[in-house]
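Student: pasting the structure only:
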């Protein structure tokens, strides 16, 4: 799979690459945060049609997410968000999304820095660019897709444009999944108070009860297969429901750092993740899942193995702190191949770098810091007899189920007994998964 980094100029124009002079493209567009089953359906259809027509499959991937760029502008007098703006609501890093796209067989990913000037272009102009520059002959979208200035380019408007011009076809994928659900307008972290996987609070409700619940929480309708719904489920500890929508375990990634080694002192050495952490953190609690050693980070990008996020500024120019590029013109970028084989071997189901894990997110209520405040951490205890030295390594933590809330134990011995039980539960969950 090839990746091309693209930064629009100050007028919102993109210097699109020439992928081929005689081979056409099947294109889809979006942020694809989470790569849930709806996203996979759209991208899978893109790959399918491209292979059928001997064309390139192309994903135009926006980063940062459009919603965070527009929200920043609302709260900063219309200013452009920095390209590296922190996004705590992001379910999945760009690197994680690219791995899934590679698995699905995508030929080209065009990683476009989403800017306000770019967003101000009409959907007609945007699609004209894709036809003229990328040789797009088919555009694949989900049912509720919108694009262009003011989000005026819905599927009906795009379909009318395709029929009127005859230069491309629109292929609509039913990516709605099981239908719709209702989620609170303002999602807040709520830690379950009982052990075991939390239930859907609306399950079994009558229509009247559901209306009352929706009014109390100011709930709004959302697709079951949606990033918004996944965030809500993770914020409530409903890991199994979230994983079902994602089609894979929800995961975060980060670098292992030295902690206070309390776990090692009581016989449960843990891998502590330092900031920043890639991916959306579920609500505080103890979880079953997996710990995967991704190895020491690569710093040499001469072989093309550096991540797109690490090389984006080098390839496309830097920002000056205002979110604008230092050049008034868009910068051309050459497609370069990404090789995910090394990391794919580590992520494989029976990889020797993968271990069942009991995962803790939140404070350590049994211990306190010197100033009396609980310490908030993300750590994973790998269930293995091997000695693991992971300091400085990138690791992936996958969540498969909620075990229990964070609680304060009366003694270290009581904590050790509970940790042993959690480790056994994590090991059993891993065994049942196979």
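Tutor: Thanks, I have the structure now. Keep in mind that this is a model prediction, so the values were computed, not measured.

Student: packing partners for the longest helix along the chain?
Tutor: Longest helix in the chain, counting residues (DSSP state H): helix 412-433. Applying 3 or more C-beta pairs under 8 Å, 6 or more residues apart in numbering; DSSP states H and E, we find helix 412-433 packed against strand 285-295, strand 354-363, strand 376-382, strand 394-404. Yep, even glycine has a C-beta here, placed from its N, CA and C like the rest.

Student: go again using 7 Å as the cut-off
Tutor: With contacts defined as 3 or more C-beta pairs under 7 Å, 6 or more residues apart in numbering; DSSP states H and E, the secondary structure elements packing on helix 412-433 are strand 285-295, strand 354-363, strand 394-404.

Student: which strands border the last one, and is each parallel or antiparallel?
Tutor: So the one you mean is strand 394-404. strand 250-257 (antiparallel), strand 285-295 (antiparallel) (DSSP bridges).

Student: ranges for the helices of this protein?
Tutor: 37-52, 66-75, 94-103, 116-119, 123-134, 155-165, 207-216, 227-235, 239-246, 262-265, 308-316, 341-347, 412-433.

Student: worst mean pLDDT among those?
Tutor: Note on the helices of the chain: helix 308-316 shows the lowest mean pLDDT, a mean of 48.

Student: the spatially most central residue of the chain: what's it in contact with?
Tutor: Ranked by distance to the mean C-alpha position of the chain (C-alpha atoms, centre = their mean), the top residue is residue 92 at 1.6 Å. Neighbouring residues of residue 92 by C-beta atoms under 7 Å, 6 or more residues apart in numbering: 33-35, 279.

Student: most neighbours out of those residues, which is it?
Tutor: residue 34 (30 neighbours; other C-beta atoms under 10 Å).

Student: go ahead and confirm it touches residue 227.
Tutor: Yes: with contact defined as C-beta atoms under 7 Å, residue 34 and residue 227 form a contacting pair (4.7 Å).

Student: which ones among the contacts of residue 92 lie within strands?
Tutor: Of those, none are assigned to strands by DSSP state E.

Student: for residue 170, give me the pLDDT.
Tutor: At residue 170, the pLDDT value in this model is 98.

Student: pretty sure it sits against residue 158.
Tutor: Yes: Residue 170 is within contact range of residue 158, at 5.5 Å (criterion: C-beta under 7 Å).

Student: who has more neighbours, the two?
Tutor: Neighbour totals were compared for residue 170 and residue 158, and residue 158 leads with 23 against 18 (other C-beta under 10 Å).

Student: what about stretch 269-282, distance to the chain center?
Tutor: Remark: stretch 269-282 is offset 15 Å from the chain centroid, using C-alpha atoms, centre = their mean, to the nearest Å.

Student: same check on stretch 77-97?
Tutor: What separates the centre of stretch 77-97 from the centre of its chain is 11 Å, taken as C-alpha atoms, centre = their mean.

Student: now the end-to-end length of it.
Tutor: Using C-alpha to C-alpha, to the nearest Å, one end of stretch 77-97 lies 31 Å from the other.

Student: begin at 467, not 1, for the rest of this chat.
Tutor: Yep, numbering from 467; the last one is stretch 543-563 now.

Student: in that stretch, which residues are buried?
Tutor: Buried positions in stretch 543-563, judged by neighbour count with 16 or more other C-beta atoms under 10 Å: 546-549, 553, 556-563.

Student: ok, now stretch 676-694?
Tutor: Under the neighbour-count criterion of 16+ other C-beta under 10 Å, stretch 676-694 has 680, 683, 685, 689-694 buried.

Student: what is the nearest of these to residue 580?
Tutor: Set against residue 580, the nearest of those by C-beta to C-beta is residue 693 (15.5 Å).

Student: hmm, residue 580 is touching residue 536, no?
Tutor: No: counting by C-beta under 7 Å, residue 580 stays clear of residue 536, with 9.3 Å between them.

Student: related to what we said a few turns ago, shared neighbours of residue 500 and residue 693, which are they?
Tutor: Residues touching both residue 500 and residue 693 (C-beta under 7 Å, 6+ apart) are residue 557.

Student: so, low pLDDT: which residues of the stretch 717-866 of the chain?
Tutor: For the stretch 717-866 of the chain, applying pLDDT under 70 flags the ranges 726-733, 765-799, 830-842.

Student: can you rerun that using 80?
Tutor: For the stretch 717-866 of the chain, the stretches with pLDDT under 80 are 725-734, 764-800, 829-842.

Student: where's the closest residue to residue 596 other than its chain neighbours relative to residue 641, distance?
Tutor: Sequence neighbours aside, residue 602 is the residue nearest to residue 596 in space, at 4.2 Å (criterion: C-beta to C-beta, 6 or more residues apart in numbering). Counting by C-beta to C-beta, to the nearest Å, the separation of residue 602 from residue 641 is 20 Å.

Student: circling back: out of the helices and strands packed on helix 878-899, nearest to residue 667?
Tutor: Of all those, strand 860-870 sits nearest to residue 667, with 14.4 Å by C-beta to C-beta.

Student: show me what that closest one is in contact with.
Tutor: Contact with strand 860-870 is made by 658, 661, 663-664, 703, 705-706, 709, 715-722, 737, 748, 751-761, 763, 823, 825, 846, 888, 891, 895, 899, as judged by C-beta under 7 Å, 6+ apart.
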